[in-house]
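# I need the structure of the sequence given here:
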Amino acid sequence: MSVVMNFAMFPTRKESNMSPYVSRIVKRVRESGHQSQLTAMGTLVETETLTQALKVIEEAYAVLEPDCDRVYLTVNIDIKKGPTGRINSKVESVEEKIVQNKHNH
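Modelled structure (predicted):
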């Protein structure tokens with residue numbers, strides 16, 4: 001199974017610069033060993049099970065919980081039976097089609 005999750009998590013009622021908090025989350029995600037990719041709007045993570053994906057979210061919250069009274073979270077999850085590796089393959093598939101369309105026109 002492949003579970004691709006995009007999530008954004010940050011404290012509310014803090015200063016306007018969220019990068020110190022987000023960097024703590026991203027560090028923890030990377031330590032989890034799951035494939036991940038930081039983007040300007042969130043963090044992509046791929047796991048083999050939904051339970052693992054939810055654990056990533058719990059651990060990300062645990063990083064903020066000690067000094068953040070309120071945390072905002074958005075999550076999108078795509079669950080598909082089959083092999084992992086979709087973080088890269090989904091992007092590569094679109095990029096290939098862009099190149100193909102460019103050559104056909």
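
# what packs against the helix ranked longest in the chain?
If you go by DSSP state H, the chain has its longest helix at helix 86-104. Packed against helix 86-104 by the contact rule (3 or more C-beta pairs under 8 Å, 6 or more residues apart in numbering; DSSP states H and E) you find strand 2-11, strand 35-38, strand 43-47. For the C-beta atoms, the positions are set from N, CA and C on the backbone; glycine is no exception.

# at 7 Å instead, please
Counting by 3 or more C-beta pairs under 7 Å, 6 or more residues apart in numbering; DSSP states H and E, the packing neighbours recorded for helix 86-104 are strand 2-11, strand 43-47.

# if I look at the most centrally placed residue in the chain, how far off is residue 78?
With distances taken as C-alpha atoms, centre = their mean, residue 44 lies nearest the centre of the chain, 2.3 Å away. Here the criterion is C-beta to C-beta, to the nearest Å. By it, residue 44 lies 10 Å from residue 78.

# how about the nearest residue to residue 18, chain neighbours excluded?
residue 10 (4.6 Å; C-beta to C-beta, 6 or more residues apart in numbering).

# how near is the one you found to residue 50?
With C-beta to C-beta as the criterion, residue 10 and residue 50 are 23 Å apart.

# more neighbours, those two?
residue 10 (16 against 13; other C-beta atoms under 10 Å).

# hey, what's that one bridged with?
Counting by DSSP bridges, residue 10 forms beta bridges with residue 72.

# my read: it touches residue 22, true?
Yes: between residue 10 and residue 22 there is a contact under C-beta atoms under 7 Å: 6.2 Å.

# how far does the least confident helix or strand in the chain by mean pLDDT sit from the chain's center?
Lowest by mean pLDDT, DSSP states H and E among the helices and strands of the chain is helix 86-104, with a mean of 87. Centroid separation between helix 86-104 and its chain, computed with C-alpha atoms, centre = their mean, to the nearest Å, is 21 Å.

# got the angle for it vs strand 43-47?
110 degrees (axes from the mean of the first three to the mean of the last three C-alpha atoms, to 10 degrees).

# next, the buried residues of helix 86-104.
Across helix 86-104, burial judged by 16 or more other C-beta atoms under 10 Å covers 86, 87.
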